[in-house]
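Student: would you be able to build a 3D model of this:
(chains A and B)
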Number of protein chains: 2
Amino acid sequence: MADSKPLRTLDGDPVAVEALLRDVFGIVVDEAIRKGTNASEKVCEWKEPEELKQLLDLELQSQGESRERILERCRAVIHYSVKTGHPRFFNQLFSGLDPHALAGRIITESLNTSQYTYEIAPVFVLMEEEVLKKLRALVGWNTGDGVFCPGGSISNMYAINLARFQRYPDCKQRGLRALPPLALFTSKEVGKIFSTHSSFFSRGKMIPEDLERQISLAEAEGSVPFLVSATSGTTVLGAFDPLDAIADVCQRHGLWLHVDAAWGGSVLLSRTHRHLLDGIQRADSVAWNPHKLLAAGLQCSALLLRDTSNLLKRCHGSQASYLFQQDKFYNVALDTGDKVVQCGRRVDCLKLWLMWKAQGGQGLEWRIDQAFALTRYLVEEIKKREGFELVMEPEFVNVCFWFVPPSLRGKKESPDYSQRLSQVAPVLKERMVKKGTMMIGYQPHGTRANFFRMVVANPILVQADIDFLLGELERLGQDL
Amino acid sequence: MADSKPLRTLDGDPVAVEALLRDVFGIVVDEAIRKGTNASEKVCEWKEPEELKQLLDLELQSQGESRERILERCRAVIHYSVKTGHPRFFNQLFSGLDPHALAGRIITESLNTSQYTYEIAPVFVLMEEEVLKKLRALVGWNTGDGVFCPGGSISNMYAINLARFQRYPDCKQRGLRALPPLALFTSKEVGKIFSTHSSFFSRGKMIPEDLERQISLAEAEGSVPFLVSATSGTTVLGAFDPLDAIADVCQRHGLWLHVDAAWGGSVLLSRTHRHLLDGIQRADSVAWNPHKLLAAGLQCSALLLRDTSNLLKRCHGSQASYLFQQDKFYNVALDTGDKVVQCGRRVDCLKLWLMWKAQGGQGLEWRIDQAFALTRYLVEEIKKREGFELVMEPEFVNVCFWFVPPSLRGKKESPDYSQRLSQVAPVLKERMVKKGTMMIGYQPHGTRANFFRMVVANPILVQADIDFLLGELERLGQDL
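Tutor: As a prediction, this is how the structure comes out:
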């Protein structure tokens, strides 16, 4: 059969495979690592969608392509992509290129296994357990359970499943229609979870007294409250809900307390700043994404549970003996397949484990503290400079501020001020992206006009990068 | 601040970063690629959990570790992991190490971006669109929609969401309790989706006449049928449901037809074998996992839709302007964030795209055809050899068979035959894993005793690997 093989395939030719991968790795080092983290290179080489389509020649054909052409393609893909490890990439709740985490990711990809059984993932089943144990210890739990999920939204969804299942263990047999109407209570601005009853907020934080009122209201309307989802580190403002007071409310009403600490969870590593999450040990579940502030790489999202009754497997298990055999020669309690609604599940623990081994808890703590210190520097600079205005004093590494261009300074009282200010951020964003010098996000918020949200997360950031950010906004906006 | 930095951090030292990654890459090449795909090396170096824990020294400490120690750790992680690209790894519905797909995965990891906006993933937004278009074309659709999901279970969940939303566009406002009881119909053995009404089956296939009867029954009980999930390639038997006949039923009853082709979808690439999925173009949605038979690497799971009415965004969108701003300087219809319930979403398209560019559709087709041809060879060998018995004639690349050890041959009529046969596969599995020579899965099925399920998927397989599999089972089981 070998004769009918297409020319391009490398199947069964380890020398050619190795040579190809060495060349690709060289391109990755040049383009993504060396240039991609160099402040004097562009964060992105912006192209309009139609032009980029032409440049990339995306169409998939029947014929394979030469080795040289494939290597050119690898170079182009990296060249036209945004460099999220770049010291001027401030656009998202993640940034930075940790070399040990990347090493862990490359190994993960080369092994390409699924996390569901000890049989095919012996190292990673044990490693996941150990990493989850460490994260739980930082929350304040000596025992418990957990699993890595494909992102915070799925972690939050699982928390809802678990809270409901704990209260109604027969809900899967009876169906949701057999249950009374359920009510959950959550913050706004927490990614993509849909709120049913949003409490009122002050500075983006849940107000416990109001939460209590909302719970009573829901009960009076005939609903059964079952879960409160508090937030440690909101997406825009970086606000931390008062967990202790919320836990008191949950305790009084017998509600499951979930803490969405996807963004703020990593602060638990800092002895100086972990007080922001005081009370988190009283939660029933915590979502924490080390792919955000710890720069472990997408995706690395842990759902942590205080539960020791095997709730995850009881809730999500399918009892499918054709998937997870019970008569194996090792302890099948190690198999994690029935903890999740997924079947195949990526290995997301190695990158975090390897980075932690290399940096130590101390090294990671230093990074968190450093991010807070640079945030403080940014805030002081904003206060000093004309044309910059804080939306509010930040408590985390999100710094929300307006750049007020020369033509709008001192015009706060004019009736179209807010509407004109709203147009500033989109224009500056377009200019910075097309110039390629930096990327920073903006958004409106409630009645507030579009403002910038600066995120201080990349471990390679220094004060000069902060100075550049502010100076570049001034340069880009001087004619507005 | 720089003085307080822990010693081990490489932050801001590109030369050290590069050196570390080059060393790690060298280890990956040695251990995972060279040894990991060499038939004379072990598929896995089995250790009992407690011993492995000791060997790996998993605990996370406060102090960071030296470069040398980290490199040793990388080597150990790979050494004790299962080599899923090994030519004797037959354990799962994925196997093989495609070098171009791996190249795509390494680039993906080095860029570490999220798929949600054109702004931070310009290349991958366009690329995902192109890859989905190609997959849809193979299904038989010139238009449509789709998205890559974290696995087939999530793709299937989305199909359920969409079918329900299409029928009840106000279901998110009204809540599920306001809807009539809904009924969906699905196959058994399709991963982890929970069936509500399972139809009767013959050879693992859905029987359309029975499906029709079940639908009427559900209606008579006061339920509203809304979705049928047919399967193209079941997990154990590799069975293909008769899609055309099922589509007729769906059409008569106005039901959404979802096809779970997670495993079998890749057969659409083969002009010789794609008839197994005849009728798939009549589906409303299709789940197809190129990380399985195409060896693109976990995770690569596409949900494909015939819909052109933006149903995905209407159903899953959160209208959160603080996440996906509407006043950007480019066409925000390109942003995919509101297609999914996730917020951050991994880039899963590059590995498939790069492999396709390199192999061409023809190269991929050759692999599928080759897998079918080797399956045929295996089946003929099983028929020839004493002690091997097919569970049924396969139609796909799953070959289910019993190895009947010498002591059980000719004893089919004895009352404890089935019970004794059930114990054979677990014993052989333990022996092969501990010896490290190969890995193949087993499971019971209905009333059938444990049997092996051989999966012919790895593109580097040749007849000698098949011969080895059968010979090794004979060697391992000769004393039973």
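Student: C-alpha from now on. contacts and neighbour counts both.
Tutor: Noted.
Student: regarding the residue of the stretch 251-400 of chain A found nearest chain B, what is its secondary structure?
Tutor: Residue nearest to chain B within the stretch 251-400 of chain A: A:Gly360 (3.8 Å; Cα to the nearest Cα). Each residue gets one of three states, and A:Gly360 gets helix by DSSP: H, G, I helix; E, B strand; the rest coil.
Student: helix or strand for A:Leu71, which one?
Tutor: helix A:67-79 (DSSP states H and E).
Student: can that helix be found next to chain B?
Tutor: Yes: Helix A:67-79 lies within reach of chain B by Cα under 8 Å from any Cα of the partner chain, at A:Arg67, A:Ile70, A:Cys74, A:Val77, A:Ile78.
Student: number of nearby residues for the residue lying closest to the second one once chain neighbours are set aside?
Tutor: When the adjacent residues along the chain are set aside, A:Ile70 lies closest to B:Ala358, with 6.5 Å between them (Cα to Cα, 6 or more residues apart in numbering or on different chains). With neighbours defined by other Cα atoms under 10 Å in any protein chain shown, the count for B:Ala358 comes to 26.
Student: B:Ala358 contacts A:Gly64, correct?
Tutor: Yes: between B:Ala358 and A:Gly64 a contact is recorded at 4.7 Å, counting by Cα atoms under 8 Å.
Student: quick one, what contacts the residue of the stretch 251-400 of chain A closest to chain B?
Tutor: The contact partners of A:Gly360, taken as Cα atoms under 8 Å, 6 or more residues apart in numbering or on different chains, are B:Leu60, B:Gln61, B:Ser62, B:Gln63, B:Gly64, B:Glu65.
Student: export the residues of helix A:67-79 next to chain B to JSON lines and tack on neighbour count and pLDDT?
Tutor: Listed next are the residues of helix A:67-79 next to chain B as JSON lines, based on neighbours: other Cα atoms under 10 Å in any protein chain shown; pLDDT from 0 to 100:
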{"residue": "A:Arg67", "neighbour count": "13", "pLDDT": "95"}
{"residue": "A:Ile70", "neighbour count": "19", "pLDDT": "97"}
{"residue": "A:Cys74", "neighbour count": "22", "pLDDT": "98"}
{"residue": "A:Val77", "neighbour count": "23", "pLDDT": "98"}
{"residue": "A:Ile78", "neighbour count": "22", "pLDDT": "98"}
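Student: centre-most residue in chain A?
Tutor: Centroid-nearest residue in chain A: A:Lys292, 4.2 Å away (criterion: Cα atoms, centre = their mean).
Student: and it, how far is that from A:Ser266?
Tutor: As judged by Cα to Cα, to the nearest Å, A:Lys292 and A:Ser266 stand 8 Å apart.
Student: same question for A:Val391.
Tutor: 24 Å.
Student: of these two, which one has the most company?
Tutor: A:Ser266 (24 against 15).
Student: list the contacts of that one.
Tutor: A:Trp288, A:Asn289, A:Pro290, A:Leu293, A:Leu294, A:Ile368.
Student: near chain B, which of those residues show up?
Tutor: Counting by Cα under 8 Å from any Cα, nothing from the contacts of A:Ser266 sits close to chain B.
Student: show me those residues that map onto helices.
Tutor: A:Ile368 (DSSP state H).
Student: up against chain B, what does the stretch 301-450 of chain A have?
Tutor: A:318, A:320-323, A:325, A:327-330, A:341-346, A:353-354, A:356-363, A:366, A:426-427, A:430, A:442-445.
Student: give me that answer again for 7 Å
Tutor: Neighbours of chain B within the stretch 301-450 of chain A, by Cα under 7 Å from any Cα of the partner chain: A:318, A:321-322, A:325, A:327-329, A:341-344, A:346, A:356-363, A:366, A:426, A:430, A:443-445.
Student: now, of those residues, which are buried?
Tutor: A:318, A:322, A:325, A:327, A:341-344, A:346, A:356-363, A:366, A:426, A:430, A:443-444 (16 or more other Cα atoms under 10 Å in any protein chain shown).
Student: identify the bridge partners of the closest residue to A:Gln325 other than its chain neighbours.
Tutor: Of all residues not flanking A:Gln325 in the chain, B:Gln443 sits nearest, at 6.4 Å (Cα to Cα, 6+ apart). Judged by DSSP bridges, the bridge partners of B:Gln443 are B:Phe451.
Student: show me the contacts for B:Gln443.
Tutor: A:Ser321, A:Tyr322, A:Gln325, B:Asn450, B:Phe451, B:Phe452 (Cα atoms under 7 Å, 6 or more residues apart in numbering or on different chains).
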